[in-house]
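Visitor: here are the coordinates; sequence isn't available:
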């Protein structure tokens with residue numbers, strides 16, 4: 001659904017189970033559409049992309065990258081981004097001293113609305129030019145409901161050793177043409193430690209192989 005309370009306890013969550021498939025339980029909740037996950041190098045932190053709801057205009061709500069932790073609630077459907085209350089959906093009246101987003105876990109990174117982030121992966125520094133370190137690549141699948149299209153590219157997040165963002169820059173573009181037509185929509189990313197990475201594209205139906213400059 002676009003926005004609403006789920007009737008199935010398994011939805012809008014990341015679940016965890018035993019290796020034999022038993023013991024299924026909620027691990028993290030309040031996640032609208034977290035499809036892809038990756039582990040930050042040198043840690044046990046699981047990072048996940050999340051696509052925000054539609055119909056709040058071109059610039060809201062932000063899409064997200066969250067650091068997933070056991071028992072945490074990431075806000076959907078009542079809050080988004082850095083714990084911003086979605087008053088368009090949650091129309092209840094609260095006392096002045098009550099924050100409806102209190103206790104929710106804010107996004108680690110806000111991404112421009114409707115970018116539709118899917119795959120993400122991290123560099124571990126092996127086989128890549130100096131300076132890539134623990135940097136992250138994110139595949140922006142691209143917007144379908146924005147007056148000016150956005151996304152359709154791979155973005156590099158420059159991170160320090162603790163996972164804080166130092167900068168953001170386009171890594172590969174060109175799938176969104178100047179006339180608004182779209183050549184491809186990016187989905188999955190897999191970074192190898194030999195200076196090679198792979199990117200899948202579910203519009204063109206191909207997998208791209210990208211190599212580091214020698």
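Guide: Okay, I see it. Small disclaimer: the values here were computed from a predicted structure and weren't measured.
Visitor: Find the centremost residue of this structure, please.
Guide: Within the chain, the residue whose C-alpha comes closest to the C-alpha centroid is residue 49; the distance, by CA atoms, centre = their mean, is 1.9 Å.
Visitor: Quick check: residue 81 vs residue 151, distance?
Guide: If you measure residue 81 against residue 151 using CB to CB, to the nearest Å, the figure is 17 Å. Using the backbone N, CA and C atoms, a C-beta is placed for each residue, glycine as well.
Visitor: SS state for the residue nearest to the centre of the chain?
Guide: strand (DSSP: H, G, I helix; E, B strand; the rest coil).
Visitor: so where is the chain shaky, pLDDT-wise?
Guide: Within the chain, the set of residues satisfying pLDDT under 70 comprises 214.
Visitor: Just the helices from it, written as ranges.
Guide: Counting by DSSP state H, no segments of the chain form helices.
Visitor: picking up where we left off before, which one's more surrounded, residue 81 and residue 151?
Guide: Comparing residue 81 with residue 151 by neighbour count (other CB atoms under 10 Å), the higher total belongs to residue 151, at 26 against 20.
Visitor: which residues touch the more buried one?
Guide: Neighbouring residues of residue 151 by CB atoms under 8 Å, 6 or more residues apart in numbering: 112, 114-116, 140-143, 176.
Visitor: at 6 Å what do you get?
Guide: 115-116, 140, 142-143 (CB atoms under 6 Å, 6 or more residues apart in numbering).
Visitor: and the residue nearest to residue 159 when sequence neighbours are not counted, how many neighbours?
Guide: By the measure of CB to CB, 6 or more residues apart in numbering, the closest residue to residue 159 outside its immediate chain neighbours is residue 134, 5.1 Å from it. Burial measure for residue 134: 19 neighbouring residues, criterion other CB under 10 Å.
Visitor: Let me know the distance separating residue 134 from residue 213.
Guide: In this structure, residue 134 and residue 213 are 20 Å apart, going by CB to CB.
Visitor: before we move on, what about residue 155?
Guide: Using CB to CB, which is the criterion applied here, residue 155 is 19 Å from residue 213.
Visitor: Identify the bridge partners of residue 136.
Guide: residue 122, residue 157 (DSSP bridges).
Visitor: From what I see, it and residue 157 are in contact.
Guide: Yes. Shown here, residue 136 and residue 157 form a contact pair, counting by CB atoms under 6 Å, at 4.4 Å.
Visitor: Those two: which has the busier surroundings?
Guide: residue 136 (25 against 21).
Visitor: who's in contact with residue 204?
Guide: If a contact means CB under 6 Å, 6+ apart, then residue 204 has residue 184 as its contacts.
Visitor: residues contacting residue 114?
Guide: Counting by CB under 6 Å, 6+ apart, residue 114 touches 143, 146, 150.
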